[in-house]
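>>> Provided below for reference: sequence and predicted model.
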Amino acid sequence: MVGGSIRDIPIVGQFLIDGKILGKLEDLQDKYKLSVDRAIEYLTLTRAVLDGEIELGHMPEMIAEAFGVDEATSVKIACDVAGIRLLPLENYFPGVGAQIEKWGGKVSDYSAERVGKEKITADRFAGNLTENLELTLSPVHIKRLAFLAKSYVAGEKTRDATMTFFARPVNIGGLGLALEQAKTLMESIDDAKDLIEFVDDSHDETFQEEDSEEAQPVELSSMDDSRPTLSVGGVNDVSQEVRPVEEVVEPVVEAPVIEEKKVEEVKSTMLEIVPTSEVSTTTPIRIAVPKFVVDEDKGDIVAQAKEIAKKDITDVGGGEKLKAAIDLAVSAASTLLQEKRMAKKDFAGLAEKMIRGVRDEMQTRGVLINDFKLDDGSVDKMAKAINEGVAMYHRSSLSSQMAKVEVPKTEIDVRPTASEVMDQRFAEVTKTLPKAPIVPVLPEARVSAARSKDDEVAGQAAKIDQAKIEVAQEAAKPMPAKAMLTLGSVPPQLPGEQPVMSDVKFKSKLVGPVDELGTMMPADFRRLSSDPAEAVQKIEDLLLALQTTSYEERIKGIQAWRVSPVCKLYVAMAGEALQAGVALAEVASKRRNKGEESLSPAEMKAIGSLNSRMRF
């Protein structure tokens, strides 16, 4: 488990902060004629049980000691508390039902609802991740992400190995993500893996609803007669025959029309489109399908077919640029074609497919070697000639695209530097201007991996109170000369200066330990110590001092702490993290960027540990 406690799982955390639970626990106090105000102590007790600090079987003893009830009543209360707050979490915290039966209670007396994991297919999970993180992935790569996520959650791949696949280039089996994108994607999977359960498509209710609808035939037609059409038949159209092509440049194994809903029946990882200039717009695409396939690549065939069919053939196939590129390739290889007695028409067809991207260079070389029986030297020369046509075509395409690009106007960067921001922060805190520029100790250090150094500097600059900077600048100005006054003279008042009231005096007010805990602000908490763990220890020492006076004073101190501004801020940030399903560091970063009060991850961890140990 990522956080070390099941309370760190968002779905569990949402259940634990449900206000209805506290209402049911307050009803227990009425049932057993106890103080309703002490119902919150049940929350502390169950939280300690979930964290492993107290064994589940010791709950009756703790209740008897805290509320002063007899053994039989404490067992009944323990059954009710466990049934209300712990039994619904049995999927994450097993053994609660058995313990209730052991105490003599009945599990059937309590709600049968259980907090469970969401069932989802790997493909749908990968699609949701891609959409939420705004990643630019093709359907093939989304399928690859689904396989990697499923393998990682199942324990078949380690975290480092999965991260390597995320950052690896796409041409060697990766996703081609930047390092920051790969880290963010990995963190999202880590946050979700304890909340989901991967199932097959047959168990996905949404997938079943979509699959139950009758599939309609789809045709992706081109804008001219030279572009083929991909026909996708309905579910019951598996036996549909493929229309023959009038002219085929190379022998291709006939295959049925691929259906999107029946993609699992197709076993292939290679897709080859064989269009010719004589093919009509109603002719389905012909596909050469080998007999092997990898399970994780199911669906890739349809995705690749659609991607190829969507290419702008009107610009590439029938345009003058393509014809000029093919002519250049044929011209460069004309001598060799005569020597090898190879028809220019056949070579032009191979060059057209390679220039359009239907085949890559390795596939073209294979055709020249296997079908035309050419030696390696001749193949190298022909491939070089075709590459000249490819370079010419893409160079002209790039030039036309660059002509449409507008050059952005150069803007002067007026953002403050890190040294300027530190000078302003010094002036804001001390209300005086620094005598010399303050230089950062580590200029290139980054506070967070999710933000660049410039973003961090801009965020700090936005928080600075300009009014305090103006006060510091005003204080740095030389004091005006004062005239020597004779006895009985009244000193003149400067413009805008308030008259001095000599009869108004400040009177300090003593604050006790309980009031100190109840009014503690985040700044007061940090004044205790720069180390959050040491500051928490001082608060515990203060509670122990109250306990030596009276145990009631300790209870008052704990109650005051729970309503203090720093504790309320901790609860608010924890609630935001649970509701959004993000890390506490990200919540703290967002609050700092907005200029709101925030706690650091170390302070959140220290205060959370203090709250878990703080009992009456």
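Looks like it came in fine. Since the model is a prediction, treat every value here as computed from it, not as a measurement.

>>> return the helix or strand in this protein with minimum mean pLDDT.
Least confident helix or strand, the chain: strand 230-232 with a mean of 35, by mean pLDDT, DSSP states H and E.

>>> strands of this protein, start to end?
118-120, 196-198, 218-220, 230-232 (DSSP state E).

>>> show me the shaky parts of the stretch 1-150 of the chain.
Scanning the stretch 1-150 of the chain for pLDDT under 70 picks out the ranges 1-5, 36.

>>> which residues of it fall in helices?
If DSSP state H, counting those that start in this stretch is used as the criterion, the helices of the stretch 1-150 of the chain fall at 10-16, 19-31, 40-50, 59-67, 71-81, 96-102, 122-132, 139-153.

>>> okay, those helices in TSV with mean neighbour count next?
In this view, the C-beta of every residue, glycine as well, is placed from N, C-alpha and C. Shown next, in TSV, are those (neighbours: other C-beta atoms under 10 Å):
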stretch	mean neighbour count
helix 10-16	18
helix 19-31	14
helix 40-50	20
helix 59-67	18
helix 71-81	20
helix 96-102	16
helix 122-132	18
helix 139-153	20
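
>>> quick one, which of those is nearest to residue 344?
For residue 344, the closest of the helices of the stretch 1-150 of the chain is helix 139-153, at 35.3 Å, according to C-beta to C-beta.

>>> mind giving me the packing neighbours of that closest one?
Secondary-structure packing of helix 139-153 (3 or more C-beta pairs under 8 Å, 6 or more residues apart in numbering; DSSP states H and E): helix 122-132, helix 159-167, helix 179-193, strand 196-198, helix 300-309.

>>> quick check: mean pLDDT of the fourth one?
Averaged over strand 196-198, pLDDT sits at 80.

>>> next: the longest one.
For helix 179-193, mean pLDDT is 87.

>>> and if you look at stretch 523-542?
91.

>>> what stretches of the stretch 401-550 of the chain score poorly on pLDDT?
Applying pLDDT under 70 to the stretch 401-550 of the chain flags residues 401-415, 442-449, 481-510.

>>> okay, helices next: where are they in it?
Using DSSP H, counting those that start in this stretch, the helices of the stretch 401-550 of the chain run over 418-430, 453-463, 466-476, 513-518, 522-528, 532-549.

>>> nearest to residue 80, out of those?
Among the helices of the stretch 401-550 of the chain, the nearest to residue 80 by C-beta to C-beta is helix 532-549 (29.4 Å).

>>> show me what counts as buried in the closest one.
Within helix 532-549, the residues that count as buried by 16 or more other C-beta atoms under 10 Å are 532, 535-536, 539, 542-543, 546.

>>> leaving aside the residues next to it on the chain, what's closest to residue 105?
Excluding its sequence neighbours, the residue lying closest to residue 105 (C-beta to C-beta, 6 or more residues apart in numbering) is residue 79, at 3.5 Å.

>>> who touches residue 368 in this structure?
By C-beta atoms under 8 Å, 6 or more residues apart in numbering, the contact list for residue 368 reads 350, 374, 378-379, 382-383.

>>> okay, stretch 336-350 in CSV with CA atoms only?
In CSV, the C-alpha atoms belonging to stretch 336-350 read as follows (Å, rounded to 0.1, in the frame of the first residue of the first chain):
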residue,chain,number,x,y,z
LEU,A,336,19.8,0.1,-63.1
LEU,A,337,16.3,-0.7,-64.1
GLN,A,338,17.4,-1.3,-67.7
GLU,A,339,20.3,-3.4,-66.5
LYS,A,340,18.1,-5.6,-64.3
ARG,A,341,15.3,-5.7,-66.8
MET,A,342,12.8,-4.4,-64.3
ALA,A,343,9.7,-2.6,-65.5
LYS,A,344,9.5,1.1,-64.6
LYS,A,345,5.9,0.7,-63.8
ASP,A,346,6.7,-1.9,-61.1
PHE,A,347,9.5,0.3,-59.6
ALA,A,348,7.2,3.3,-59.7
GLY,A,349,4.6,1.4,-57.7
LEU,A,350,7.1,0.5,-55.0
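
>>> give the buried residues for it.
By 16+ other C-beta under 10 Å, the buried positions in stretch 336-350 come out as 336-337, 340, 342, 346-350.

>>> how distant is that stretch from the center of its chain?
Centroid displacement of stretch 336-350 relative to its chain, using C-alpha atoms, centre = their mean, to the nearest Å, is 54 Å.

>>> picking up where we left off before, show me which of the contacts of residue 368 is closest to residue 438.
residue 383 (62.1 Å).

>>> let me know the distance separating that closest one from residue 133.
40 Å (C-beta to C-beta, to the nearest Å).

>>> and those two? which has more neighbours close in?
residue 383 (19 against 13; other C-beta atoms under 10 Å).

>>> tell me the spacing between residue 513 and residue 551.
Residue 513 sits 14 Å away from residue 551, going by C-beta to C-beta.

>>> ok, the two, which is more surrounded?
Shown here are residue 513 and residue 551; by other C-beta under 10 Å, residue 513 has more neighbours (16 against 11).

>>> do I have it right that that one meets residue 539?
No: Residue 513 lies out of contact with residue 539 (C-beta atoms under 8 Å); the separation is 10.0 Å.

>>> could you chop this structure up by domain?
The record's domain parsing of the chain by automatic domain parsing lists 6-109, 118-208, 219-311, 319-402, 418-438+453-473, 513-613.

>>> could you dump these to TSV with distance to residue 479?
Output for these, formatted as TSV (distance: least, C-beta to C-beta, whole Å):
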stretch	distance to residue 479
domain 6-109	56
domain 118-208	52
domain 219-311	76
domain 319-402	63
domain 418-438+453-473	14
domain 513-613	31
